[in-house]
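S.K.: Next one to model:
(one chain, ligands or ions: 1)
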Amino acid sequence: MEGESVVQIPKNGGKEEIKTQEVEKEQEEVEITISSGEKNEKKDNDQLSPRAVLEIHISGTSDSDNSSISSGERSRSFGSSPSPVGEKPAVSDGTDAAAAGGGEETGQGLRFKNLFDQMKRKSIRRLSAIPLLIGYENLLAKKNIKRKLLSRIRSAEEETIDCHDFVVPKPSWRNFSLDELAQATNNFSPDNLIGKGGHAEVYKGHLQDGQVVAVKKITKKEKNDEDRVGDFLSELGIIAHINNTNAAKLIGFSVDGGLHLVLQYLHHGSLSSVLHGREECLEWKIRYKVAVGVAEGLCYLHCDCQRRIIHRDITASNILLTEDYEPQISDFGLAKWLPEKWVHHIVSPIEGTFGYMAPEYFMHGIVHEKTDVFAFGVLLLELITGRRAVDSSRQSLVMSAKPMLEQNNVKELADPRLGDAYDVVEMKRAMFTASTCIHHLPNMRPNMIRAVQLLKGENLPIDMKQKSTGGRALMLDACDLEDYSSTTYLKDLNRHMQLVME
Ligand SMILES: Nc1ncnc2c1ncn2[C@@H]1O[C@H](COP(=O)(O)OP(=O)(O)OP(=O)(O)O)[C@@H](O)[C@H]1O
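M.R.: As a prediction, the model looks like this:
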């Protein structure tokens, strides 16, 4: 992680209730996954682990599949105010639309459901051919699933899923041997090391077929084997599940002599290194493209993905850039499924990157899609100002940018290295979007669908239109009346900062 402090703040000295429940459910989830070839999978899949979803995703769909959130359903959600934390989300969060989509069983929906039902049997069998856990037999034995899993691995040999005249190709990702990865990375040579995070080393590699890849070798030492495998499977499950231009692309994995993810290599590396680590100034056109791409990627994760995902660690280091500066959201090590029926998780320990964490998260461990929205707001501020989320004097960008956002002071806020070389309208839109995303109250933040609109200047609210003609302050005044005032928030932020920096 470049220039950022990753914190892990244990709360109440250990794991909290929901986390504990998840751990207790693990055995049950694995059992459900393995046995689902014979019977329909668990009805309420809201609590499925990423491991289980990795499998079911490949099987096509599920009873409460929400992949049918269409743009039509989306448009219903615009403009309505999001619900407070802890309540069932309003339509604006896309959740109701998801539920509605999942419930429809007419016409084409029913045809696809039948088709997928047929596919499930074969694909789940095929899926269990993934020898993901072979290197971890002892661990599996503990869970009493080894025998079932291995027998499924042996019995599965189909290359494609044949559903009458409809053939689904096997997943594009594959299992690599350690030899293949060692060859590709010149024996994990330091010369091939392209990045190092808190949990992994990333090496550039060339596969035999000429493909250039990034091999992420999990190095996290502080956890026990079981936790490390669990975390690895979670990350693998999520990356295998996603499929979007603006999110990381999985090429394969390896559990041979360590845990490895093989990902598409991204030429420019992280946004952090491009924005903060280079002499030359990143031009505004690219910054704006990155902002829109990340917003669309998050929109996909929160709303359009078969199962909704919260990333939990959106930072400039975790946004990677392709050769033509198309951003990809990467590092799903902390990501969580956002179940349809839950609005938020309460997690412990609180993990994330300081400077990007929303107040309700660092104060109470509350995680929901608006925590990502907050982090996206901070990322926007980084693109606007060219400053880091936390500077060398430990000043948070949110705190330093707020007065300028409130005064709509474009000249003061914009990166001085840009000079006048930016589109004022785009800059103002980015400022407005950032100011709403970093609101201290989660229900005052837009969802990502709305954030994309704000950035692109679609369906702008009246106060934003006033802004672009030099009107009054950007920030929403409504919160002055709220119990949790802006001042309290800044105090909390300060307290949090002291805690972390001590
Ligand atoms: N696909 C890729 N292509 C090019 N560079 C990459 C790729 N994946 C990762 N990197 C580089 O490696 C760095 C670390 O990767 P990553 O963030 O996935 O590791 P991590 O240990 O999980 O990080 P964290 O400390 O956030 O948990 C990135 O910031 C980036 O510079």
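S.K.: Looking at Arg336 now. What's its pLDDT?
M.R.: You called it Arg, but residue 336 is Lys. With respect to pLDDT, Lys336 scores 89.
S.K.: measure it to the ligand for me?
M.R.: As defined by C-beta to the nearest ligand atom, to the nearest Å, Lys336 lies at a distance of 14 Å from the ligand. C-beta: built from backbone N, CA, C; applies to glycine.
S.K.: The ligand contacts on the protein?
M.R.: Contact residues, the chain versus the ligand (C-beta under 6 Å from any ligand atom): 1, 6, 194-195, 197-200, 202, 214, 216, 263-266, 269-270, 313, 317-318, 320, 330-331, 333.
S.K.: Can you report how many residues lie near the nearest residue to Lys336 once chain neighbours are set aside?
M.R.: Sequence neighbours aside, Ile310 is the residue nearest to Lys336 in space, at 5.1 Å (criterion: C-beta to C-beta, 6 or more residues apart in numbering). Counted with other C-beta atoms under 10 Å, residues neighbouring Ile310 total 24.
S.K.: Then the one 10 residues further on?
M.R.: Around Leu320 there are 27 other residues, counting by other C-beta under 10 Å.
S.K.: Confirm it sits in a strand?
M.R.: Yes - Leu320: assigned to a strand according to DSSP: H, G, I helix; E, B strand; the rest coil.
S.K.: what's it in contact with, if anything?
M.R.: By C-beta atoms under 8 Å, 6 or more residues apart in numbering, the contact list for Leu320 reads 248, 266, 268-271, 327-328, 330.
S.K.: So for it, what's the nearest residue that isn't a sequence neighbour?
M.R.: In space, and not counting its chain neighbours, Leu320 is closest to Leu266: 3.9 Å by C-beta to C-beta, 6+ apart.
S.K.: Then Val292?
M.R.: Leu455 (5.6 Å).
S.K.: thinking that neighbour is in contact with Ala295, fair?
M.R.: Yes - if you go by C-beta atoms under 8 Å, Leu455 and Ala295 touch, sitting 5.6 Å apart.
S.K.: So which of these two has more stuff around it?
M.R.: More crowded of Leu455 and Ala295, by other C-beta under 10 Å: Ala295, with 27 against 22.
S.K.: Find the helix or strand that that one is a member of.
M.R.: Assigned by DSSP states H and E, Ala295 belongs to helix 284-299.
S.K.: Over to Gly377?
M.R.: Per DSSP H and E: Gly377 is located in helix 369-385.
S.K.: counting contacts, what elements does that helix pack onto?
M.R.: helix 271-276, helix 284-299, strand 309-310, helix 359-364, helix 397-406, helix 424-437, helix 448-456 (3 or more C-beta pairs under 8 Å, 6 or more residues apart in numbering; DSSP states H and E).
S.K.: Among the ones you listed, which comes closest to Ser348?
M.R.: When these are compared by C-beta to C-beta, helix 359-364 sits nearest Ser348, at 10.0 Å.
S.K.: Give me the phi and psi angles of the residue in the stretch 351-500 of the chain positioned nearest to the ligand.
M.R.: In the stretch 351-500 of the chain, the residue that lies nearest the ligand is Thr353 (7.0 Å; C-beta to the nearest ligand atom). When read as degrees, to the nearest 10, the backbone of Thr353 gives phi -120, psi 120.
S.K.: Verify the contact between it and Asp313 for me.
M.R.: Yes - using C-beta under 8 Å, Thr353 makes contact with Asp313 at a distance of 6.0 Å.
S.K.: okay, now Arg417: neighbour count?
M.R.: Arg417 is flanked by 10 other residues according to other C-beta under 10 Å.
S.K.: same deal with the one 5 residues further on?
M.R.: By other C-beta under 10 Å, the residues close to Tyr422 number 19.
S.K.: Ok, Pro403 next?
M.R.: So Pro403, with other C-beta under 10 Å, has 12 neighbours.
S.K.: Skipping its backbone neighbours, what lies nearest it in space?
M.R.: Distance criterion C-beta to C-beta, 6+ apart; nearest residue to Pro403, sequence neighbours excluded, is Asn409 at 8.0 Å.
S.K.: Retrieve the pLDDT associated with the one you found.
M.R.: 94.
S.K.: cool, and Leu282?
M.R.: Leu282 carries a pLDDT score of 98 in this model.
S.K.: repeat for Ala98
M.R.: Looking at Ala98, its pLDDT stands at 29.
S.K.: wouldn't Phe374 be in contact with Cys437 here?
M.R.: Yes - applying C-beta under 8 Å as the test, Phe374 and Cys437 come out as touching, 6.2 Å apart.
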